[in-house]
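**Student:** Here is my input; please provide its structure:
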Amino acid sequence: MTQQSGVDESGTSDEKEYRPDMKIQDGVNLYRMKEWEKSLKEFLSADTSGFNSEEKMELTYYLGLCYTKLKKYEEALPFLEQVVVSGNEILRVFQCRITLAYIYIITKRVKMAEYELTKLQNSGMESPLIYNTLAYAAWLQKQNKNAISLYEKTLEIDSGNATAMNSMGFILADTGLDVMRALRLCRKAVDTRPQNAAYLDSLGWAYYKSGEILEARTWLRRALDISPDEKEIQRHLKIAAGEPL
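**Tutor:** Coordinates of the predicted model:
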């Protein structure tokens, strides 16, 4: 956003009151339109000299989110941490802790992710998102039974949570702990989101683990049609087709 001269060609004033938070609002609007780069530029160009503490924290919050959306994780961390430390606005603190946990998982700092999620649990918050993220962190550490237990907690809160159904189904199939239940869960997840390549892949893999090779190939090919560059789907289909990796 650029400031106007305040005078039109006739010489009359068209000046509008300029408030420090107008830059933030323009950035927020771009963020909601998923224009991450433009949103970030708008936030970074804001003159914060007239901002009050609330506006500064709002700017910090959105900077953290923009950097996260752009996968600039190291740049995002200090902004997200500032929001968490401030303790203001419980919903924003929740979102920033979850986002921090996500970044720590993506960047293979799983213990730090668990710390953020545990802090949320200890604060009395209970959410499918917390349990799903904790479960994913457990799975990354090959704690399969713990991951399953956490996905179970998600489904206790939200019986139709497709992420939990798909992820638990994949683990149950991949480890051979309960292939038949895995098939049921993966089918339900696919019914919820039939064009989700990850869900189709899990269902195909569950069929493969159950010995139904033709069904496995069918679902895995569907998954690959949607996400042709996904290495894990490629690997699963090659295994199901009996091709060398």
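
**Student:** OK, contacts around the closest residue in space to I105 that isn't next to it in sequence?
**Tutor:** With sequence-adjacent residues excluded and distances taken as CB to CB, 6 or more residues apart in numbering, I105 is closest to A113, at 4.7 Å. Bear in mind the C-beta positions are built from the backbone N, C-alpha and C, glycine included. By CB atoms under 8 Å, 6 or more residues apart in numbering, the residues touching A113 are 100-102, 104-105, 133, 137.

**Student:** any idea how far A113 lies from R235?
**Tutor:** Distance of A113 to R235, computed by CB to CB, to the nearest Å: 26 Å.

**Student:** who does the helix or strand bottoming out on mean pLDDT in the chain touch, helix- and strand-wise?
**Tutor:** Confidence across the helices and strands of the chain bottoms out at helix 22-32, with a mean of 86, counting by mean pLDDT, DSSP states H and E. Judged by 3 or more CB pairs under 8 Å, 6 or more residues apart in numbering; DSSP states H and E, the packing partners of helix 22-32 are helix 36-44, helix 53-69.

**Student:** Could you list the alpha-carbon positions for that helix in CSV?
**Tutor:** Below are the C-alpha coordinates for helix 22-32, written out as CSV (Å, rounded to 0.1, in the frame of the first residue of the first chain):
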residue,chain,number,x,y,z
MET,A,22,-3.4,0.0,8.1
LYS,A,23,-0.3,-1.7,6.9
ILE,A,24,-1.1,-4.7,9.0
GLN,A,25,-4.6,-4.9,7.6
ASP,A,26,-3.4,-4.8,4.1
GLY,A,27,-0.9,-7.6,4.9
VAL,A,28,-3.7,-9.6,6.6
ASN,A,29,-5.9,-9.3,3.6
LEU,A,30,-3.2,-10.6,1.3
TYR,A,31,-2.4,-13.4,3.8
ARG,A,32,-6.1,-14.5,3.7
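
**Student:** So for it, what gets flagged as buried?
**Tutor:** By 16 or more other CB atoms under 10 Å, the buried positions in helix 22-32 come out as 23-24, 26-28, 30-31.

**Student:** Please identify the one among the residues you listed that lies nearest to L172.
**Tutor:** Distance to L172 across these (CB to CB) is lowest for Y31, with 38.1 Å.

**Student:** So which residues make contact with stretch 33-48?
**Tutor:** If you take CB under 8 Å, 6+ apart as the criterion, stretch 33-48 is touched by 1, 20, 23-24, 26-28, 30-31, 55-56, 59, 62-63, 66-67, 69-70.

**Student:** for stretch 135-147, same thing?
**Tutor:** When contacts are defined by CB under 8 Å, 6+ apart, stretch 135-147 is touched by residues 101, 105, 108, 110, 113-114, 117, 148, 150-151, 154, 164, 167-168, 171, 175, 177.
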